[in-house]
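**Q** from the sequence below, what's the structure:
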Amino acid sequence: MHGVDTDERPFVLVWELTQACGLTCDHCRADAQETRHPDELTTAEGKALLDSVREFGEGQLVVFSGGDPCKRDDLEELIEYGTDIGLTITLTPSGTDSLTPDTIERLADTGLKRLALSVDGATAASHDDFRGESGSFEQTIEAARTAREAGLPLQINTTVCQRTVGDLPDLRDLVADLDAVLWSVFFLVPVGRGRVLDPVTPDRAEDVMHWLGDVVENEDFAVKTTEAPHYRRVLQQRDDIDSGRRGGITAGDGFAFVSHVGEMYPSGFLPKSAGDVRETDVVSLYRESELFESLREADSLKGKCGACPFRAVCGGSRSRAYAYTGDPLESDPLCPYVPPEYDGPLPTQQLP
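**A** I've put the predicted structure just below:
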């Protein structure tokens with residue numbers, strides 16, 4: 001966690017600049033549309049948000065996401081502004097024809113610290129089918145290679161569900177070939193369009209996490225999981241590390257999300273609002289809202305997550321718990337681990 005006190009500040013804050021996007025991805029959390037929303041934060045409001053975020057401290061990590069943030073004509077201005085006031089800005093654009101080599105080179109000149117691109121299939125056929133756009137794979141790979149040539153560090157994001165899990169070994173090879181610095185592996189949360197996709201089973205998820213542990217030991221790039229914090233429990237069990245050791249970030253605890261219209265959520269996959277950044281500053285919402293405070297208290301967790309000796313290391317996906325139960329403090333149904341002597345009810349992957 002690099003010394004970040006997650007009671008005081010998030011390790012990462014994501015700002016969804018827009019929900020507009022030219023793709024129709026099967027897993028899209030935002031159910032993105034072609035056109036921009038009329039109530040998006042304006043350029044001035046966006047800069048005010050970044051000023052507020054800067055109050056967390058020097059170097060605060062901010063991810064500009066979407067939709068496709070390249071749909072905003074003030075994107076470069078916002079990156080430059082955030083960089084100038086001392087924030088660390090990264091970007092997650094969509095793999096469309098808007099991400100031209102010229103665009104990437106201009107982005108590299110703005111002070112952008114990392115470009116994150118999504119690759120969900122190891123071939124053009126599988127990726128383009130998942131993303132709903134012919135040519136997306138080719139455009140994304142070209143963008144990745146252009147970023148490398150421009151000296152812009154590259155992150156690859158991959159969704160894990162029943163349709164994509166078989167491609168993971170080939171995707172690992174592609175991540176290495178692209179010289180990415182980080183592979184972010186996202187385990188599906190059934191929100192937005194993603195409700196129609198089939199998640200992997202808990203046992204398959206556990207197998208993937210052990211496999212990812214092997215990947216980390218044998219590749220030069222780093223690996224992190226998104227909405228699957230029990231990966232940290234798996235790694236600690238593999239290495240026989242004390243389970244009381246503090247873990248990484250989860251929704252609301254080291255992580256925050258500001259929507260395109262200014263609502264602040266613990267995560268983009270946990271659509272329960274703590275308030276509007278147009279009305280309350282983002283620092284107060286993070287530190288003082290009842291929702292965020294409850295998510296930072298490991299002992300407030302329920303079910304087997306609450307009884308788990310790894311709860312301070314893992315904590316489970318609060319977003320997935322909310323998607324399946326309506327309660328962000330309930331147990332994460334993707335985790336197969338049952339704490340010793342726990343005899344209560346077990347969560348299931350059944351949507352309401």
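**Q** C-alpha only now, for contacts and for neighbours.
**A** OK.
**Q** which residues touch stretch 173-183?
**A** 122, 144-145, 148, 153-158, 219-224 (Cα atoms under 8 Å, 6 or more residues apart in numbering).
**Q** ugh, typo on my part, it should be stretch 141-153
**A** With Cα under 8 Å, 6+ apart as the criterion, stretch 141-153 contacts 95, 99-101, 104-105, 108, 112-115, 117, 154, 178-181.
**Q** of those, which belong to strands?
**A** Residues of those located in strands (DSSP state E): 114-115, 117, 154.
**Q** and Gly66, how many neighbours?
**A** Using other Cα atoms under 10 Å, Gly66 is surrounded by 26 other residues.
**Q** distance to Leu334 added to the ones in strands among the contacts of stretch 141-153, as TSV?
**A** Putting these into TSV (distance: Cα to Cα, whole Å) gives the following:
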residue	distance to Leu334
Arg114	30
Leu115	29
Leu117	25
Leu154	29
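**Q** what's the burial count for the residue lying closest to Pro266 once chain neighbours are set aside?
**A** Once flanking residues are discounted, Pro266 sits nearest to Gly252: 4.1 Å by Cα to Cα, 6 or more residues apart in numbering. When neighbours are counted by other Cα under 10 Å, Gly252 registers 26.
**Q** quick check: phi and psi at Gly252.
**A** Per-residue torsions, Gly252: phi 80, psi -10 (degrees, to the nearest 10).
**Q** distance of it from Val62?
**A** 15 Å (Cα to Cα, to the nearest Å).
**Q** ok, Thr103 next?
**A** Thr103 is 20 Å from Val62, by Cα to Cα.
**Q** one more: Leu152?
**A** Relative to Val62, and taking Cα to Cα, Leu152 is found at 16 Å.
**Q** please apply the same query to Glu330.
**A** For Glu330 relative to Val62 (Cα to Cα), the value is 28 Å.
**Q** with Thr92 instead?
**A** Distance from Thr92 to Val62, by Cα to Cα: 11 Å.
**Q** helices of the stretch 1-150 of the chain, start to end?
**A** 43-54, 75-84, 101-109, 124-131, 136-149 (DSSP state H, counting those that start in this stretch).
**Q** quick one, which of those helices gets closest to Gln162.
**A** helix 124-131 (11.8 Å; Cα to Cα).
**Q** residues touching the residue nearest to the spatial centre of the chain, list them.
**A** What sits nearest the mean C-alpha location of the chain, by Cα atoms, centre = their mean, is Thr226, with 5.4 Å. With contact taken as Cα under 8 Å, 6+ apart, Thr226 is in contact with 184-187.
**Q** coming back round to it: show me the two of the ones in strands among the contacts of stretch 141-153 that sit farthest apart.
**A** The widest separation within the ones in strands among the contacts of stretch 141-153 (Cα to Cα) is 9.9 Å, between Arg114 and Leu117.
**Q** need the residues touching each of the two.
**A** Counting by Cα under 8 Å, 6+ apart, the residues touching both Arg114 and Leu117 are 154-155.
**Q** which stretches in the chain count as strands?
**A** Using DSSP E, strands in the chain cover 12-16, 61-65, 88-91, 114-118, 154-160, 182-187, 222-226, 250-251, 254-258, 263-265, 275-276.
**Q** same list (those) but as TSV, adding mean pLDDT and distance to Trp211.
**A** TSV is the format used below for the strands of the chain (pLDDT from 0 to 100; distance: least, Cα to Cα, whole Å):
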stretch	mean pLDDT	distance to Trp211
strand 12-16	98	26
strand 61-65	97	28
strand 88-91	98	28
strand 114-118	96	20
strand 154-160	96	13
strand 182-187	97	12
strand 222-226	96	11
strand 250-251	96	22
strand 254-258	97	26
strand 263-265	98	31
strand 275-276	98	39
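**Q** for these, which one sits closest to Cys335?
**A** Comparing the strands of the chain under Cα to Cα, the one sitting nearest is strand 182-187, at 11.3 Å.
**Q** now that closest one against strand 154-160, angle please.
**A** In terms of direction (axes from the mean of the first three to the mean of the last three Cα atoms, to 10 degrees), strand 182-187 departs from strand 154-160 by 20 degrees.
**Q** would you give the sheet partners of strand 182-187, along with the direction of each?
**A** Paired neighbours of strand 182-187 in the sheet (DSSP bridges): strand 154-160 (parallel), strand 222-226 (parallel).
**Q** just the ones you listed: most buried one?
**A** strand 154-160 (a mean of 23; mean count of other Cα atoms under 10 Å).
**Q** give me the contact list for that one.
**A** Contacts of strand 154-160 (Cα under 8 Å, 6+ apart): 114-120, 144, 147-148, 175, 179-188, 199-200.
**Q** just want the angle from that strand to helix 124-131.
**A** 70 degrees.
**Q** pLDDT wise, what is Cys314 at?
**A** Note for Cys314: predicted pLDDT of 93.
**Q** return the backbone torsion pair for it.
**A** phi -110, psi -80.
**Q** which residues does it contact?
**A** 229-233, 247-248.
**Q** same deal with Cys70?
**A** Counting by Cα under 8 Å, 6+ apart, Cys70 makes contact with 93-94, 98-99.
**Q** now stretch 75-86, how far from the centre of its chain.
**A** Relative to its parent chain, stretch 75-86 has a centroid offset of 21 Å by Cα atoms, centre = their mean, to the nearest Å.
**Q** as CSV, could you dump the C-alpha coordinates of that stretch?
**A** This file holds the C-alpha atoms of stretch 75-86, laid out as CSV (Å, rounded to 0.1, in the frame of the first residue of the first chain):
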residue,chain,number,x,y,z
LEU,A,75,-9.2,15.5,-22.0
GLU,A,76,-5.7,16.8,-22.6
GLU,A,77,-6.5,20.0,-20.8
LEU,A,78,-7.7,18.1,-17.7
ILE,A,79,-4.6,15.8,-17.7
GLU,A,80,-2.3,18.8,-17.9
TYR,A,81,-4.2,20.6,-15.1
GLY,A,82,-4.1,17.6,-12.8
THR,A,83,-0.4,17.0,-13.5
ASP,A,84,0.4,20.7,-12.9
ILE,A,85,-1.3,20.7,-9.4
GLY,A,86,0.7,17.6,-8.3
